[in-house]
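K.L.:
Take a look and give me a structure for this.
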Amino acid sequence: MSEGVASVLRTLGAATPSELQFAPGAHPGRASIVHGNTAEVVWCDGVGVEHTSTCQFATVLDPSPVAGDWVSVRDGYLVGVSPRRTALRRPHPNQRDVQVLAANLDIVLVVVPIDRGLNLLMLERLAVMAFDSGARPFVVLTKSDGAEVLDALVDEAQLAVPGVEVLTTSSASGHGIEQLREVLRTGVTAVMLGASGAGKTSLLNALEGSSEVTRSVSRTGEGRHATTTRKLYRLTSGGVLLDIPGIRLLDLMVGREGIDEAFADITELAEECRFADCRHDGDEGCAVELAILDGELPLRRLESWRAAQSGIDQRERLQERTSKDRRRSSRARPEDLDDDGDDDDDDDDIE
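P.N.:
Numbering: from 1, shown residues only. Sure thing, here's the model as predicted:
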């Protein structure tokens with residue numbers, strides 16, 4: 001790889017371009033926007049000249065490209081997707097599969113507004129999703145100019161996501177914007193994860209002095225989607241920011257590893273439980289429930305942990321049923337059945 005090519009890839013977020021894998025004889029690039037079986041790709045030719053093209057998939061690609069993927073381009077077609085380091089996921093609308101929203105992230109900016117108070121449930125679930133991606137979570141509390149008792153809200157956020165850095169920002173006043181720019185330095189790819197109306201697009205505008213479309217928030221505090229597709233922005237701070245549409249609480253991906261990290265306080269206490277498989281729900285010798293009785297752990301934290309675990313259990317049961325149905329369907333081929341729909345080998349047919 002020439003230095004000219006490597007230089008372009010660094011501007012696209014590659015901290016070490018030489019470690020990326022591309023298809024032989026193809027040009028390296030990064031997917032910015034994906035629509036169906038086409039993707040807008042920023043790619044570099046052999047002499048280090050940058051191009052932006054809308055590329056059709058040459059074949060069925062596995063994995064299917066998403067914004068942030070490193071891809072291979074040949075003759076105007078997208079011919080390969082490089083192995084992913086990290087991936088931000090959510091449940092597919094069919095509730096059986098998983099949908100990848102963005103790939104190859106270094107930081108997930110968990111964006112939560114505080115002008116109407118702090119939604120702790122949303123913050124915790126977003127943090128679980130961020131941890132589940134494999135990237136580093138970073139909490140950004142927006143609309144701080146409209147918040148009262150700011151320090152108390154920061155303390156609440158830090159208790160809800162132990163060990164995760166928390167930054168307060170205001171797109172209106174510019175508070176915290178410079179500190180955020182320092183986080184989004186060269187070689188860093190970040191994504192803003194938050195609900196509609198959280199202030200993500202306004203935050204991008206404040207970071208770059210741009211004019212991306214923003215829309216008002218209703219009286220209930222619910223926003224309307226200002227971002228309707230996934231875009232990759234190269235920032236003046238040197239980093240890359242992926243802006244995706246806002247998500248709902250029901251869309252949040254919950255993984256067991258993500259829960260262990262997002263609820264690190266409960267995970268640590270659980271090591272002192274008498275039983276390794278303690279469910280922290282009336283089990284004898286439960287260190288977590290003892291910590292609640294002693295006032296060391298808020299009950300709300302355990303309730304949130306239980307809700308997250310319940311969501312995983314429900315999804316896994318659904319996936320197991322779906323898998324069984326698919327196996328049963330594949331075995332019950334029409335040619336294996338007689339006219340009644342009964343198996344030919346049914347014992348009832350044996351005299």
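K.L.:
Dihedrals phi and psi, the closest residue to residue 304 other than its chain neighbours?
P.N.:
With Cβ to Cβ, 6 or more residues apart in numbering as the measure, residue 124 is the residue that lies nearest to residue 304, at 5.1 Å, once sequence neighbours are left out. The way it works is simple: take the backbone N, C-alpha and C, and place the C-beta from them, glycine included. Summarising the backbone geometry of residue 124 under the convention degrees, to the nearest 10, its torsions are phi -60, psi -40.
K.L.:
Residue 80 is in contact with residue 61, isn't it?
P.N.:
Yes - counting by Cβ atoms under 8 Å, a contact exists between residue 80 and residue 61, whose distance comes to 7.2 Å.
K.L.:
Which one of those two is surrounded by more residues?
P.N.:
It is residue 80, of residue 80 and residue 61, that has more neighbours when counted by other Cβ atoms under 10 Å, with 21 against 17.
K.L.:
Helix, strand or coil: sort out the more buried one for me.
P.N.:
Per DSSP: H, G, I helix; E, B strand; the rest coil, the local secondary structure of residue 80 is strand.
K.L.:
and what of the one 4 residues further on?
P.N.:
With three-state DSSP as the basis, the three-state label of residue 84 is coil.
K.L.:
Please apply the same query to the one 4 residues further on.
P.N.:
Secondary structure state of residue 88, per three-state DSSP, is strand.
K.L.:
ok, back up a step: can you check the pLDDT for the residue nearest to residue 304?
P.N.:
What the model reports as pLDDT for residue 124 is 86.
K.L.:
Do I have it right that it meets residue 303?
P.N.:
No - shown here, residue 124 and residue 303 do not form a contact pair, counting by Cβ under 8 Å, at 10.4 Å.
K.L.:
Compare the two (neighbour count), which wins?
P.N.:
Residue environment comparison for residue 124 versus residue 303 gives the larger neighbour count to residue 124, 24 against 11, counting by other Cβ under 10 Å.
K.L.:
got a list of what residue 137 touches?
P.N.:
Under the criterion of Cβ atoms under 8 Å, 6 or more residues apart in numbering, the neighbours of residue 137 are 107-108, 110, 127, 130-131, 161, 164, 262.
K.L.:
Among these, find the lowest-pLDDT one for me.
P.N.:
Looking at those, model confidence by pLDDT dips furthest at residue 262: 76.
K.L.:
Relative to residue 37, how far out is that residue?
P.N.:
Remark: distance between residue 262 and residue 37 (Cβ to Cβ, to the nearest Å) = 35 Å.
K.L.:
Give me the more crowded residue out of those two.
P.N.:
Neighbours around residue 262 and residue 37, counted as other Cβ under 10 Å, are more numerous at residue 262. The numbers are 31 against 15.
K.L.:
contacting residues for the residue nearest to residue 304?
P.N.:
For residue 124, the contact set (Cβ under 8 Å, 6+ apart) comprises 160-161, 262-263, 304, 308.
K.L.:
Please enumerate the helices of the chain.
P.N.:
Per DSSP state H, the chain has helices spanning 3-11, 120-133, 150-160, 177-183, 200-208, 256-262, 264-270, 287-293, 299-331. These are given in chain order.
K.L.:
what's the closest of these to residue 99?
P.N.:
Closest to residue 99 of those, according to Cβ to Cβ: helix 120-133, at 12.2 Å.
K.L.:
Could you give me the buried positions within that closest one?
P.N.:
The neighbour-count check on helix 120-133 (16 or more other Cβ atoms under 10 Å) flags 120, 122-133 as buried.
K.L.:
Just list the residues touching residue 209, thanks.
P.N.:
So residue 209 contacts nothing (Cβ under 8 Å, 6+ apart).
K.L.:
Residue 101 versus that one, what's the distance?
P.N.:
According to Cβ to Cβ, residue 209 stands 26 Å off from residue 101.
K.L.:
Over to residue 202?
P.N.:
To residue 101, residue 202 is 20 Å away according to Cβ to Cβ.
K.L.:
residue ranges with poor pLDDT in the stretch 1-150 of the chain?
P.N.:
92-97 (pLDDT under 70).
K.L.:
which ones are touching residue 61?
P.N.:
Residues counted as contacts of residue 61 (Cβ under 8 Å, 6+ apart) are 78, 80-81.
K.L.:
Report the beta-bridge partners for the residue nearest the centre of the chain.
P.N.:
The centre of the chain sits closest to residue 88, judged by Cα atoms, centre = their mean, with a distance of 2.7 Å. Beta bridges link residue 88 to residue 102 when assigned by DSSP bridges.
K.L.:
was I right about it contacting residue 108?
P.N.:
Yes - in this structure, residue 88 sits in contact with residue 108. The criterion is Cβ under 8 Å, and the distance is 6.5 Å.
K.L.:
Quickly list what's touching both of those two.
P.N.:
Common neighbours of residue 88 and residue 108, counting by Cβ under 8 Å, 6+ apart, are 129-130, 133, 135, 191, 193.
K.L.:
Let me have these in a markdown table, adding distance to residue 115 as columns.
P.N.:
Putting these into a markdown table (distance: Cβ to Cβ, whole Å) gives the following:
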| residue | distance to residue 115 |
| --- | --- |
| 129 | 23 |
| 130 | 22 |
| 133 | 27 |
| 135 | 27 |
| 191 | 23 |
| 193 | 19 |
